[in-house]
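Enquirer: Just the structure for this:
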Amino acid sequence: MTDMNLDQARYNMVEQQIRPWEVLDQRVLDLMANVPREEFVPARYRKLAYSDMTIPLGDDQVMMPPKVAARILQALNIQPTDKVLEIGTGSGYLTALLAKLAKHVYSVDINPEMTRRAAEKLQSQGIGNVTLESGDAARGWNSHGPYDVIVLTGSVPLLSGSFQNNLTVGGRLLAIVGQPPVMEVVLITRVGESQWARESLFETELPPLLNAPEVEQFEF
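Expert: Predicted coordinates for the structure are as follows:
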């Protein structure tokens, strides 16, 4: 696919997938129109970079569809002063989008090879306000906290309370909670030292974060 075709595909993604899916924040629309998603997808899927689908990354992980990434960014309302924690670096694409909006992004992935590849891609795009770390953060990640924004890029059957406790007052946490076939994207805002507001945004389905806490199964 030529660069011209990719530019057209990126435009079509914004106009035909993202905008119709209730994403009206112009900052988000401009960002999605300018960050080259094809540079973050695995090479064999380059032609599918702007398709409305998940893209396999290996290790049972995927890139979320572009419209889901856009809705997440819109819901988080990231400000230029925000410190962000991303759980699940994956391809580094959402990391790049977050970094374009925030002051600094700390991103953690359990797979060191994914961390390495994401670092190369972010560097190639000139994105420097990101700290990448490898580790198991499915139940929380207290380093560098508290955070203004926390986003989990894979699903969790149960959401650990350590995440919402690691928010600043006014901070936002977004997570995909549930098990197939029913998962909801939830936004949790810390409105006081011991008060949080929870909003259900939309339904989607994504693979779980590795080592995510599971719902207890009862045998009768």
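Enquirer: For the rest of this, base every contact and every neighbour count on C-alpha atoms.
Expert: Noted.
Enquirer: helices or strands up against the worst-scoring helix or strand of the chain on mean pLDDT?
Expert: None of the helices or strands of the chain scores lower by mean pLDDT, DSSP states H and E than helix 3-12, at a mean of 88. When contacts are defined as 3 or more CA pairs under 8 Å, 6 or more residues apart in numbering; DSSP states H and E, helix 3-12 packs onto helix 26-34.
Enquirer: Give me the contacts around the helix it packs on.
Expert: For helix 26-34, the surrounding residues in contact (CA atoms under 8 Å, 6 or more residues apart in numbering) are Arg10, Tyr11, Val14, Ile18, Arg19, Val23, Ala70, Leu73, Gln74, Leu97, Lys100.
Enquirer: Among the residues you listed, which ones are in helices?
Expert: Members of the contacts of helix 26-34 lying in helices (criterion: DSSP state H): Arg10, Tyr11, Ala70, Leu73, Gln74, Leu97, Lys100.
Enquirer: Dump the residues you listed into JSON lines; add neighbour count as well.
Expert: Below are the ones in helices among the contacts of helix 26-34 laid out as JSON lines (neighbours: other CA atoms under 10 Å):
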{"residue": "Arg10", "neighbour count": "22"}
{"residue": "Tyr11", "neighbour count": "17"}
{"residue": "Ala70", "neighbour count": "25"}
{"residue": "Leu73", "neighbour count": "23"}
{"residue": "Gln74", "neighbour count": "18"}
{"residue": "Leu97", "neighbour count": "20"}
{"residue": "Lys100", "neighbour count": "19"}
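Enquirer: Check whether Arg198 sits in a helix, strand or coil.
Expert: strand (DSSP: H, G, I helix; E, B strand; the rest coil).
Enquirer: Also Ala175?
Expert: strand.
Enquirer: ok, which stretches of this structure are helices?
Expert: Under DSSP H, the chain gives helices at 3-12, 26-34, 66-76, 93-101, 112-124, 161-165.
Enquirer: Please identify which of these is closest to Gly58.
Expert: helix 112-124 (9.3 Å; CA to CA).
Enquirer: May I see the buried residues of the closest one?
Expert: For helix 112-124, the buried set under the neighbour-count rule, 16 or more other CA atoms under 10 Å, comprises Met114, Thr115, Arg116, Arg117, Ala118, Ala119, Lys121, Leu122.
Enquirer: so the second one sits right up against Leu132, yeah?
Expert: Yes: contact criterion CA atoms under 8 Å: Thr115 and Leu132 qualify, at 6.6 Å.
Enquirer: Closest to the centroid, which residue in this structure?
Expert: Centroid check for the chain by CA atoms, centre = their mean gives Thr153 as the closest residue, at 4.1 Å.
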